[in-house]
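Engineer: My questions concern the predicted model and sequence given below.
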2 protein chains.
Amino acid sequence: MLRKGNLFVISGPSGAGKGTIIREVLKSTQEIEISVSVTTRESRRGEVEGVNYYFKSREDFEKMAEEGGFLEYARVYDHYYGTPKEPVLKALDRGENIILEIDIQGALQVKKSYPEAIFVFILPPSMAELRQRIVSRGSETEEALKLRFASALEEISYIEKYDYYIINDTLTASARCLEAVIMAERCRIKKDVTELIENFKEELE
Amino acid sequence: MLRKGNLFVISGPSGAGKGTIIREVLKSTQEIEISVSVTTRESRRGEVEGVNYYFKSREDFEKMAEEGGFLEYARVYDHYYGTPKEPVLKALDRGENIILEIDIQGALQVKKSYPEAIFVFILPPSMAELRQRIVSRGSETEEALKLRFASALEEISYIEKYDYYIINDTLTASARCLEAVIMAERCRIKKDVTELIENFKEELE
């Protein structure tokens, strides 16, 4: 029996280490693939269509959005970014797991467009540690830091909308934890398990 | 923050390999302990009180049952077997995970007495394979085999009451899968996560 794959949505305050954990998991497992976003921004040197992004004109993006072609999308300054619905749903139907790193607003959109998705929140070990990580990225004024810090705290209050959380103490432990979530969700009993029982019954007849 | 441990209830038709998977998981992880049952049967040579079983008189067992001292219990022929509530709840409060191998009737009792428990169903790879495993245990008449087989099929129809299922194709894969479930459930967002948010907020003040 081919089971549908799962869509994992990963969020968390910037500086919590989402990207690093996802890259670590992608290295060690064949179980999951990352979703490729659509954007209206210009491609940068070295970026490959369909690998880094799908590049589209603003008109095409807006048309796609109107037709419900996105699981979620957002406008950031002058450009649109979105998760295209069709390739993700097709991959899930093939039994593949898909991972999606997006902010909380995007995650809330996915909760509406694809409620079966599994939502994982990445947390820094502590607010002090988060501050440290944000500061060490450098190039921010004291004012900008305060803003980032406040917005991180606001974001964390959305954690109850999520299914799992990972406190990113060490990269190895966090990656193992996300892998466990991916693996465990493969074994979760959902509606399609009736099919499994039917198979067993048929074997008997 | 000390999180409460989880109680894992493992069921599945006899011959599916529950016991073997659990032993394999206990070997490779410190994350979980097995619950020790109470019984009224005589202790056998080599069995140790508190390790294999807690041995009790019939009167003591019945009194304990009346006082709601069991998460589940059953009478099998002339003897009672039960899962004592107190040591399990205390261990969970200490943050330990507890594993419990019981039949479906017992599992349904636990669903009432401790609904937060996590229910895992172990399945044989196929009915043909299950038949093979039952037969190879030997010492059963054709009639007894048919009965076991029919009851296995009946049991499988309870799978929708469970949270996870593991198809026991190979021992290693099944054990890894149960370990993933145990680990993932550690990261699951439950009510107590509000405490976590409060901690972050306090750090800021």
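Structural biologist: Great, that's in hand.

Engineer: Now A:Gly5: phi and psi?
Structural biologist: Backbone torsions of A:Gly5, given as degrees, to the nearest 10, read phi -80, psi 170.

Engineer: tally of neighbours for it?
Structural biologist: 22 (other Cβ atoms under 10 Å in any protein chain shown). (Glycine included, C-beta is placed from N, CA and C.)

Engineer: same thing with A:Cys187?
Structural biologist: Neighbour count of A:Cys187, defined by other Cβ under 10 Å: 20.

Engineer: Over to A:Pro84?
Structural biologist: Quick note: A:Pro84 (other Cβ under 10 Å) scores 18 neighbours.

Engineer: Could you report the distance from it to B:Met127?
Structural biologist: Counting by Cβ to Cβ, to the nearest Å, the gap from A:Pro84 to B:Met127 is 42 Å.

Engineer: Give me every residue in chain A that's in contact range of chain B.
Structural biologist: A:120-121, A:123, A:126-128, A:149, A:153, A:156-157, A:159-160, A:162-166, A:176-177, A:179-181, A:183-189, A:193-194, A:196-197, A:200-201, A:203-204 (Cβ under 8 Å from any Cβ of the partner chain).

Engineer: Show the buried residues in those residues.
Structural biologist: A:120-121, A:123, A:127, A:149, A:153, A:156, A:159, A:162-166, A:176-177, A:179-181, A:183-189, A:193, A:196-197, A:200 (16 or more other Cβ atoms under 10 Å in any protein chain shown).

Engineer: Could you list which of these belong to strands?
Structural biologist: A:120-121, A:123, A:164-166 (DSSP state E).

Engineer: Would you check how far apart the residue nearest to the spatial centre of chain A and chain B are?
Structural biologist: Closest to where the C-alpha atoms of chain A average out (Cα atoms, centre = their mean) is A:Leu100, at 2.4 Å. Distance, A:Leu100 to chain B, using Cβ to the nearest Cβ, to the nearest Å: 18 Å.

Engineer: helix, strand or coil for that residue?
Structural biologist: strand (DSSP: H, G, I helix; E, B strand; the rest coil).

Engineer: Quick check: beta-bridge partners of it?
Structural biologist: A:Val9 (DSSP bridges).

Engineer: Which residues lie in contact with it in this structure?
Structural biologist: A:Leu100 is in contact with A:7-10, A:34-35, A:71, A:83, A:88, A:110, A:117, counting by Cβ atoms under 8 Å, 6 or more residues apart in numbering or on different chains.

Engineer: Please list the outside residues in contact with stretch A:144-153.
Structural biologist: Residues from elsewhere that reach stretch A:144-153 (Cβ under 8 Å, 6+ apart): A:13-16, A:127, A:130-131, A:134-135, A:140, B:200-201, B:204.

Engineer: which of these sit farthest apart?
Structural biologist: Taking Cβ to Cβ as the measure, these span a maximum distance of 22.5 Å, between A:Glu140 and B:Lys201.

Engineer: Would you enumerate the residues in contact with A:Leu7?
Structural biologist: A:88, A:92, A:97-98, A:100, A:110, A:114, A:116-118.

Engineer: try it again with 7 Å
Structural biologist: A:88, A:92, A:98, A:100, A:114, A:117-118 (Cβ atoms under 7 Å, 6 or more residues apart in numbering or on different chains).

Engineer: how far away is it from A:Glu116?
Structural biologist: Counting by Cβ to Cβ, the gap from A:Leu7 to A:Glu116 is 7 Å.

Engineer: anything in contact with each of the two?
Structural biologist: Common neighbours of A:Leu7 and A:Glu116 (Cβ under 7 Å, 6+ apart) do not exist.

Engineer: Redo the ones in strands among the buried ones among the residues of chain A next to chain B as CSV? Include pLDDT.
Structural biologist: Shown next, in CSV, are those (pLDDT from 0 to 100):
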residue, pLDDT
A:Val120, 97
A:Phe121, 95
A:Leu123, 91
A:Tyr164, 96
A:Tyr165, 94
A:Ile166, 95
